[in-house]
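Engineer: how would this look folded up:
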Amino acid sequence: MRRSTLIFLLVQLALASSSADLAAQGSAGQAGEFLRFGVGAKALGLGRAFTSIADDASAPYWNPSGLSSLARNGGSFMFMHMPLREGASFNYLAAGLPLRVFFVSSETSHPIINVVQEFNFGVGVLWHSLGEFQFFDDLGAAAPEAQNSVRQTAVYLSFSYPLHALLKPLSAQTGWLGFLKGDLDIGLTTKLVRQNLFGEHGAATSFDLGWRYRHQSGIFQLGFTLRDFNQPAISYDDHLVGDDIPSQGVVGFSLRPPFGHLRGLWLSFDYGVIQPAGRERDYMFGVEYDLSFIRSDLPLKLRFGANSNYESLTFGINFSPEIIWGQDWLPYADWAYANDRSRFDATGPRYSISIDRNPFTAKYWYQKAMIEYRAATNLAELNANEKLRRYLKNAESAKNSGSRAYRYEAALRGADLEFLASIAEMENGIAANGVAGNSSHKKFKRVAALYTNRGAKFLLEDYGKPEVDRQEYFKSFIYYVQSLILGGQDEEAVNVCADSGRSWGKNLNVLSPPAASQYSQYAGYFGYLHAYALYKSRLQDEAVDVLNRAGANQHLANYFLAHIAFLRGEYQTAVRMLGEIDLNAARFPPHLFLPVTQDHVFGDEVLFLKGAVLYKLNPRVANDYISEFAKIPRFFPDSDLAKFLTTEDEILTRMIEFYENNNFQALEALLTRIIFSYINAFSNGLLKEESYTYNYK
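Structural biologist: Model (predicted):
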């Protein structure tokens, strides 16, 4: 038998015997077995249930698509050492880098750069040494030193890229399809495997493919890795070919509960869907708890894990000094202890030291989000911008929070998006009965709770830090009040307005903003909403008092005052208020959506109310009030009232016919119906054609 063949067989026998205790796994002596030892004390502390997480420099090993986490967390560097017996050891050194780090200081709209900066790369080196052996020839002479050792190495070259565009169509879907909105990433690893078996050198090139899905809420993630899918054989110098490295497929799921102190909990589960021949099915489970969610200055994370084939139980600790000193460049340490099911040298502690340099601060992500936010020209563009939502989520979860309350402001902007999406849905899809209904009330109640609960969470985490943008802060408060009113929480809206917003958020008085003119309008908006909440609570006198003091957007205030005067029968007052309104300026100002309309103008309602007042003053002078009604389709042809008066029942045409035929009884009956329709539509907060028509019929 040739010497090389003999050495090869002896080596395989040595490896198999040293792995004899792995027989419980059914994998003793399989080619590339050292590739399945596991790396990173974090992953091992979680019982190897890391496929759906893989958020550090161990991602090239566990799931290359996890490198996309670096687009949020920054560059990651890791070293792991696992001491074995008799001088043997198992080590891993790796780094991950998102190309986005090279574009942190500059913004660009160049399409090629936008594509390139989404790539994330990782490189890792894994090496396993069984120590030194001593061999002698037939004459008792020692063999050369190069033939006295067994070393195995693997170089990992990985990349990941986001495929979020594939899930973008789901943003327009409702139901379960709409629920699946999130981030999708793909990754590929090339492994260059090398073996030195007592001087015989073997090599193979293998490939891993990984996918990861992250739900838009951040509550759960899914992952899948197919390792060694090309099943390469290790080839040696003199054309000796070893066994194929078997493929292995693992699917993973992880969950982060969003409730209270449970937000610090991370549960993960992995399941082996493709197993090497003769190997039992893999089940892996892990749990982590971040103690900083109990006390902010506790820089510890505790981990527990278990699996079916490798270690019976694992325990791990993470120490992150950056929580204390606020510097993300400080190294953090992971330690894990594994009680191996076998006795193959791997029982005991694993250590890994990691450094994550994170230029992607909360400020960075928030500013990128606001560029997207301010670039939108309408609600449809805003609601379809998945990139904006992703940037805000990244700002909330960023490690470097900065000197200002960026995470808190990001949470408010996220709630703003939910409010605006709900408004768009009401504007474009009112129910057949023309009213919002319980589902819309529940939706806006949920939005209001989002402002309160999520805002409070990040307000606590950013405690004492000044706001980033007071103008945007005031805008969020205005949206919050509107969500309360549209959610049917009128009393709560009155209460939160009663102290000028000082009981909400950062305790700022919205009626006493800085002198800068851009803030003064928000005080006027607040006055209008305060009056609207009082009106909905049947406190008309108080509403009138607030409107008279509102100050800003006098046209809208006069319209509201005229509406209340009409309900009270104060028709001369209503005429005077309506006469002070410029129809060209009769548009709802930005950020005010009450009552909800599709055209965002109230000039048609002003003309309608003027016609109704003239009718009440003198029903027999029909020419005066009919001419006001006729102006609506002339001046505002696309308005909701114009469509209501001119389509289907042709109300305006019938009104003119009754007048020309002196049929005042039928005319008065018709006018009573349409005025009733208008009053009910206003009370429901929906000045839309569907609402007018439903109330009319």
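Engineer: Which neighbouring elements make contact with the strand or helix carrying L188?
Structural biologist: If you go by DSSP states H and E, L188 is part of strand 182-197. Applying 3 or more CB pairs under 8 Å, 6 or more residues apart in numbering; DSSP states H and E, one finds that strand 182-197 contacts helix 3-18, helix 59-62, strand 149-162, strand 200-215. All C-beta spots, glycine's among them, are computed from the backbone N, C-alpha and C.
Engineer: pLDDT of stretch 286-303, averaged?
Structural biologist: What stretch 286-303 shows for mean pLDDT is 85.
Engineer: now do stretch 636-648
Structural biologist: The model assigns stretch 636-648 a mean pLDDT of 80.
Engineer: Also stretch 65-81?
Structural biologist: 85.
Engineer: Output stretch 193-201 as CSV - backbone C-alpha positions only.
Structural biologist: Listed next in CSV are the C-alpha coordinates belonging to stretch 193-201 (Å, rounded to 0.1, in the frame of the first residue of the first chain):
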residue,chain,number,x,y,z
VAL,A,193,-11.4,24.2,3.5
ARG,A,194,-7.8,23.0,4.0
GLN,A,195,-6.5,20.0,5.9
ASN,A,196,-2.9,19.1,6.8
LEU,A,197,-3.0,15.4,7.9
PHE,A,198,0.5,14.4,8.9
GLY,A,199,2.0,16.2,5.9
GLU,A,200,-0.8,15.2,3.4
HIS,A,201,-2.6,18.4,2.2
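Engineer: Sheet-wise, list the partners of the strand holding L188 with their directions.
Structural biologist: strand 149-162 (antiparallel), strand 200-215 (antiparallel) (DSSP bridges).
Engineer: Mean pLDDT and mean neighbour count added to those, as TSV?
Structural biologist: Putting the strands paired with strand 182-197 into TSV (pLDDT from 0 to 100; neighbours: other CB atoms under 10 Å) gives the following:
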stretch	mean pLDDT	mean neighbour count
strand 149-162	91	20
strand 200-215	92	20
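Engineer: Name the residues of the strand holding L188 that are buried.
Structural biologist: 182-189, 191, 193, 195-197 (16 or more other CB atoms under 10 Å).
Engineer: quick revisit: just send the strands paired with strand 182-197 back as CSV, with distance to T672 too.
Structural biologist: Converted to CSV, the strands paired with strand 182-197 look like this (distance: least, CB to CB, whole Å):
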stretch, distance to T672
strand 149-162, 60
strand 200-215, 53
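Engineer: among those strands, which is nearest P83?
Structural biologist: Closest to P83 of the strands paired with strand 182-197 is strand 149-162 (CB to CB; 16.1 Å).
Engineer: from the chain's centre, how far out does the closest one sit?
Structural biologist: When C-alpha coordinates are averaged (CA atoms, centre = their mean, to the nearest Å), strand 149-162 and its chain have centres 31 Å apart.
Engineer: With stretch 406-419 instead?
Structural biologist: 11 Å.
Engineer: Just the C-alpha atoms of that stretch, please, in PDB.
Structural biologist: In PDB, the C-alpha atoms belonging to stretch 406-419 read as follows (Å, rounded to 0.1, in the frame of the first residue of the first chain):
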ATOM      1  CA  TYR A 406     -33.400  60.700  18.700                       C
ATOM      2  CA  ARG A 407     -34.900  57.300  19.600                       C
ATOM      3  CA  TYR A 408     -37.900  59.000  21.200                       C
ATOM      4  CA  GLU A 409     -38.400  61.300  18.200                       C
ATOM      5  CA  ALA A 410     -38.100  58.200  15.900                       C
ATOM      6  CA  ALA A 411     -40.900  56.500  17.900                       C
ATOM      7  CA  LEU A 412     -43.100  59.500  17.500                       C
ATOM      8  CA  ARG A 413     -42.500  59.600  13.800                       C
ATOM      9  CA  GLY A 414     -43.400  56.000  13.600                       C
ATOM     10  CA  ALA A 415     -46.600  56.700  15.300                       C
ATOM     11  CA  ASP A 416     -47.200  59.600  12.900                       C
ATOM     12  CA  LEU A 417     -46.900  57.200  10.000                       C
ATOM     13  CA  GLU A 418     -49.500  54.900  11.500                       C
ATOM     14  CA  PHE A 419     -51.800  57.900  12.100                       C
END
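Engineer: Could you chop this structure up by domain?
Structural biologist: 40-357, 362-552 (automatic domain parsing).
Engineer: In terms of mean pLDDT, which of these ranks lowest?
Structural biologist: domain 362-552 (a mean of 76).
Engineer: can you confirm K475 is in a helix?
Structural biologist: Yes - counting by DSSP: H, G, I helix; E, B strand; the rest coil, K475 falls inside a helix.
Engineer: that older thread, closest one to F259 among the strands paired with strand 182-197?
Structural biologist: So among those, strand 200-215 is nearest, using CB to CB, at 15.9 Å.
Engineer: now the very next helix or strand once past the closest one against strand 200-215, angle please.
Structural biologist: Following strand 200-215 in sequence order, the next helix or strand is strand 220-227 (DSSP H and E). Orientation of strand 220-227 against strand 200-215 (axes from the mean of the first three to the mean of the last three CA atoms, to 10 degrees) gives an angle of 160 degrees.
Engineer: so what does strand 220-227 touch, helix or strand wise?
Structural biologist: For strand 220-227, the packing partners by 3+ CB pairs under 8 Å, 6+ apart come out as strand 200-215, strand 248-255.
Engineer: Give me the contact list for the last one.
Structural biologist: Same thing as strand 248-255. Identification of contacts with strand 248-255 by CB atoms under 8 Å, 6 or more residues apart in numbering yields 36, 49-53, 63, 219-228, 266-276, 282.
Engineer: What's the ChimeraX syntax to select whichever of these are buried?
Structural biologist: The buried residues among these can be selected in ChimeraX (16+ other CB under 10 Å) with this line:
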select :36,49,50,51,52,53,63,220,221,222,223,224,225,226,227,228,266,267,268,269,270,271,272,275,276,282
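Engineer: Please report how far the closest residue to F229 other than its chain neighbours lies from G187.
Structural biologist: Nearest residue to F229, sequence neighbours excluded (CB to CB, 6 or more residues apart in numbering): S247, at 5.4 Å. Using CB to CB, to the nearest Å, one gets 17 Å for the distance from S247 to G187.
Engineer: Closest to A456 out of the buried residues of strand 182-197?
Structural biologist: G182 (25.1 Å).
Engineer: bridging residues for that closest one?
Structural biologist: Beta-bridge partners, per DSSP bridges, of G182: H215.
Engineer: so it makes contact with I219?
Structural biologist: No - look at G182 against I219 with CB atoms under 8 Å: they stay out of range, at 10.0 Å.
Engineer: for the chain, what's the longest helix?
Structural biologist: helix 406-428 (DSSP state H).
Engineer: roughly how far out does that helix sit from the chain middle?
Structural biologist: 13 Å.
Engineer: And that helix, what's buried?
Structural biologist: Those would be 406-427, for helix 406-428 by 16+ other CB under 10 Å.
Engineer: Got the phi and psi for the residue nearest to F229?
Structural biologist: phi -80, psi 160 (degrees, to the nearest 10).
Engineer: Next, count neighbours for it.
Structural biologist: S247 has 16 neighbours, counted by other CB atoms under 10 Å.
Engineer: Pull the contacting residues for it.
Structural biologist: L226, R227, D228, F229, Q231, I274, P276.
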